[in-house]
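[1] this is the structure alone, sequence omitted:
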């Protein structure tokens, strides 16, 4: 049996009073649990990262589980695929199976020495992009930006959650022989600036003189349910790309509520991390008998040239 000593301070007016309270704490009662991390979209093969929870008294930060049994089932209880271990807790479908839009899925994970866990989530319907307009301009600071407006039709009578990001893609040539392949394909998110009132600000940061900068935008249709919606933002590092003749894509993901809640809470957790005066944040989890996230989204994308 270990004992934790909590120091409590009370400040009534100008008087400072300190007291201590002794709490019995049995570290053996907190058994490690399976942690599932699987954010899936309709354009990707079924993948999950499986690890175990780490106690506050442990020095390690991540411990993978490499002997788990991981299965995906559809809404009728039919097994869609099993995921096989690739090392370091990464499990991938060996058949290349992918999630389908507007389907309910359940993941079940078992591992020796751990309580079995499961989670269920429905991947939403696809939301089509009606149009995308882009125009290159120069702002008041003389910076070249790509002003972009994405127009899409929000499905009515449903609460919808969205993630929007801009990726640059291309091929990198390995001139020094550092990798097995001579060329490496890449996709990297671009910094975008947005002042839309419906965009969540939990993942906002400052970059290059722009206060409202994001690597991806998060918004829900609370103020535009069922409407034809136009979202405007600027690609702020466009000047670095326009002479390289690179291509990219604008990605609109209609996410489940669980997917949205996880991203939002995770960003809030990162903001509070390291700040002793911040209110503690619990990262959203939908895994039964364990921890982590199993949630999906349906991707629609539009190719663009820079």
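    Yep, that arrived. Fair warning: this is a prediction, and the values are worked out from it, not measured in the lab.

[2] pretty sure residue 63 sits against residue 52.
    Yes - with contact defined as CB atoms under 8 Å, residue 63 and residue 52 form a contacting pair (5.1 Å). Just so you know, the C-beta spots here come from the backbone N, C-alpha and C atoms, and that holds for glycine as well.

[3] so between those two, which is more surrounded?
    Neighbours per residue, other CB atoms under 10 Å: of residue 63 and residue 52, the larger number sits with residue 52, 22 against 13.

[4] excluding its backbone neighbours, what's nearest residue 41?
    Residue nearest to residue 41 in three dimensions, not counting chain neighbours: residue 299, with 4.6 Å by CB to CB, 6 or more residues apart in numbering.

[5] how close does the one you found sit to residue 129?
    11 Å (CB to CB, to the nearest Å).

[6] sorry, back to before: for the residue nearest to residue 41, give me its contacts.
    Going by CB atoms under 8 Å, 6 or more residues apart in numbering, residue 299 touches 41, 42, 43, 126, 251, 252, 253.

[7] now do residue 206
    Contacts of residue 206 by CB under 8 Å, 6+ apart are residue 213.

[8] state the distance from it to residue 138.
    Distance of residue 206 to residue 138, given as CB to CB: 20 Å.

[9] just checking, residue 159 is part of a helix?
    No - secondary structure assignment places residue 159 outside any helix; it is coil (DSSP: H, G, I helix; E, B strand; the rest coil).

[10] that one contacts residue 224, doesn't it?
    No - using CB under 8 Å, residue 159 is not in contact with residue 224; the gap is 11.7 Å.

[11] out of those two, which sits in the busier spot?
    residue 224 (15 against 11).

[12] which stretch of helix or strand covers residue 267?
    helix 257-272 (DSSP states H and E).

[13] separate out the buried members of the contacts of residue 299.
    41, 42, 126, 251, 252, 253 (16 or more other CB atoms under 10 Å).

[14] nearest to residue 91, out of the residues you listed: which one, please.
    Nearest to residue 91 among the buried ones among the contacts of residue 299 is residue 41, at 16.9 Å by CB to CB.

[15] roughly how far does the closest one sit from residue 124?
    Residue 41 sits 10 Å away from residue 124, going by CB to CB.

[16] quick one: strands adjacent to the longest strand along the chain?
    In terms of residue count, the longest strand belonging to the chain (DSSP state E) is strand 291-305. Strand 291-305 has the following strand partners under DSSP bridges: strand 34-41 (parallel), strand 247-255 (antiparallel).

[17] and of those strands, who's closest to residue 241?
    Nearest of the strands paired with strand 291-305 (CB to CB): strand 247-255, 7.9 Å.

[18] so what touches the closest one?
    With contact meaning CB under 8 Å, 6+ apart, strand 247-255 is reached by 41, 124-127, 129, 132, 148, 150, 152, 160-170, 190, 241, 263, 295-306.

[19] are any of those buried, and which?
    Members of the contacts of strand 247-255 classed as buried by 16+ other CB under 10 Å are 41, 124, 126-127, 129, 148, 150, 152, 160-168, 170, 190, 241, 263, 295-300, 304, 306.

[20] now do the contacts for residue 295.
    Contacts of residue 295 (CB under 8 Å, 6+ apart): 38, 39, 40, 121, 255, 256, 258, 259, 262, 286.

[21] check residue 300 too.
    Applying CB under 8 Å, 6+ apart to residue 300 gives the contacts 126, 127, 128, 129, 152, 251, 252, 253, 254.

[22] tell me the bridge partners for it.
    Note on residue 300: beta-bridge partners by DSSP bridges are residue 252.

[23] and the pLDDT at it?
    Note on residue 300: pLDDT of 95.
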